[in-house]
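Compute the structure for the input listed below.
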Amino acid sequence: MSLTIFKRLIISYLIIILMVFIAGVYLFSQLTSLDKIVYYINKVDVPTIRLTKDLKDVLLTQVGFEEKYFVSRDPDFYHRFLKLNFYFLKKLEKLNSLVDADQKIEILKNVREIYMDYTTLFKKNAFKKEIVPSSQYNLKKRAFIREINRDLDELSQMAIFDRDKRLEQTGRISTKAIRVTLAMPQFFGKI
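Next comes the predicted model:
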């Protein structure tokens, strides 16, 4: 069977169509991978970083209300402390729904336990007759706050590391996709 010019032309067009199809499938799969990674960064890593910062801010504000309460014994500060307690726990639950690793889950569990210890300590001492809380109370409170902040910082650093690792991965994927896209015209120019 001899190959006529027409048959050669058909075969070359079929090869070109096949190559375009393969390149399209490859690019589609790479873009799908990119989309998943970016989605994960936006839905998990960035909110985790933001929520840990929010939790630290709420805790700092709550400590301020606690100290104001002990100085003034104004029930309004006590109620604000309790309101922030609810807010903190709500944010903590939201963060708990985002975490994706056992180590992060353990950190959040520890934060919750220590936070509950801190709020219980405050509630036990809030209505004592002492005007100023004891030094033992202050030592325990500082230890609780320090540990909560340390754990939240660790969680935030883990999320930042994960985000940066995923961003590097997106760079590698997009570089591959660009190379394939740029190689196609060169390949077809040689045919």
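
for the record, mean pLDDT for the helix or strand where residue 142 lies?
Per DSSP states H and E, residue 142 falls inside helix 135-190. Mean pLDDT, computed over helix 135-190, is 89.

Around residue 78, how many other residues sit close by?
19 (other CB atoms under 10 Å). From N, CA and C alone the C-beta is placed, and that goes for glycine too.

What values do phi and psi take at the residue most central in space within the chain?
Nearest to the mean C-alpha position of the chain, by CA atoms, centre = their mean, lies residue 45 at 2.2 Å. Backbone torsions for residue 45, taken as degrees, to the nearest 10, come to phi -70, psi -50.

What distance do you get for it to residue 101?
Shown here: residue 45 relative to residue 101, a distance of 12 Å by CB to CB, to the nearest Å.

Who are the packing partners of the helix holding residue 142?
For helix 135-190, the packing partners by 3 or more CB pairs under 8 Å, 6 or more residues apart in numbering; DSSP states H and E come out as helix 5-40, helix 46-72, helix 102-126.

Show me what the last one packs onto, helices and strands only.
Going back to what we said before, that points to helix 102-126. helix 46-72, helix 75-98, helix 135-190.

Mind doing that once more with 6 Å?
helix 75-98, helix 135-190 (3 or more CB pairs under 6 Å, 6 or more residues apart in numbering; DSSP states H and E).

cool, and the second one?
Under the contact definition 3+ CB pairs under 6 Å, 6+ apart, helix 46-72 sits against helix 75-98, helix 135-190.

Now do the first one: everything it contacts.
This means helix 75-98. 44, 47-48, 51, 54-55, 58, 62, 65-66, 68-69, 108, 112, 119 (CB atoms under 6 Å, 6 or more residues apart in numbering).

could I get it in PDB with only the CA atoms?
Extracted as PDB, the C-alpha positions of helix 75-98 are listed here (Å, rounded to 0.1, in the frame of the first residue of the first chain):
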ATOM      1  CA  PRO A  75     -20.300  43.400  86.800                       C
ATOM      2  CA  ASP A  76     -20.300  44.800  83.300                       C
ATOM      3  CA  PHE A  77     -16.600  43.600  82.900                       C
ATOM      4  CA  TYR A  78     -17.600  40.200  84.200                       C
ATOM      5  CA  HIS A  79     -20.400  39.900  81.600                       C
ATOM      6  CA  ARG A  80     -18.100  41.100  78.800                       C
ATOM      7  CA  PHE A  81     -15.600  38.500  79.900                       C
ATOM      8  CA  LEU A  82     -18.400  35.800  79.600                       C
ATOM      9  CA  LYS A  83     -19.500  37.200  76.300                       C
ATOM     10  CA  LEU A  84     -16.000  36.900  74.900                       C
ATOM     11  CA  ASN A  85     -15.800  33.400  76.400                       C
ATOM     12  CA  PHE A  86     -18.700  32.400  74.100                       C
ATOM     13  CA  TYR A  87     -17.000  34.100  71.100                       C
ATOM     14  CA  PHE A  88     -13.700  32.500  71.800                       C
ATOM     15  CA  LEU A  89     -15.200  29.000  71.900                       C
ATOM     16  CA  LYS A  90     -17.200  29.600  68.800                       C
ATOM     17  CA  LYS A  91     -14.100  30.700  66.900                       C
ATOM     18  CA  LEU A  92     -12.200  27.700  68.300                       C
ATOM     19  CA  GLU A  93     -14.900  25.300  67.000                       C
ATOM     20  CA  LYS A  94     -14.700  27.000  63.600                       C
ATOM     21  CA  LEU A  95     -11.000  26.500  63.600                       C
ATOM     22  CA  ASN A  96     -11.400  22.900  64.700                       C
ATOM     23  CA  SER A  97     -13.600  22.300  61.700                       C
ATOM     24  CA  LEU A  98     -10.800  23.500  59.400                       C
END
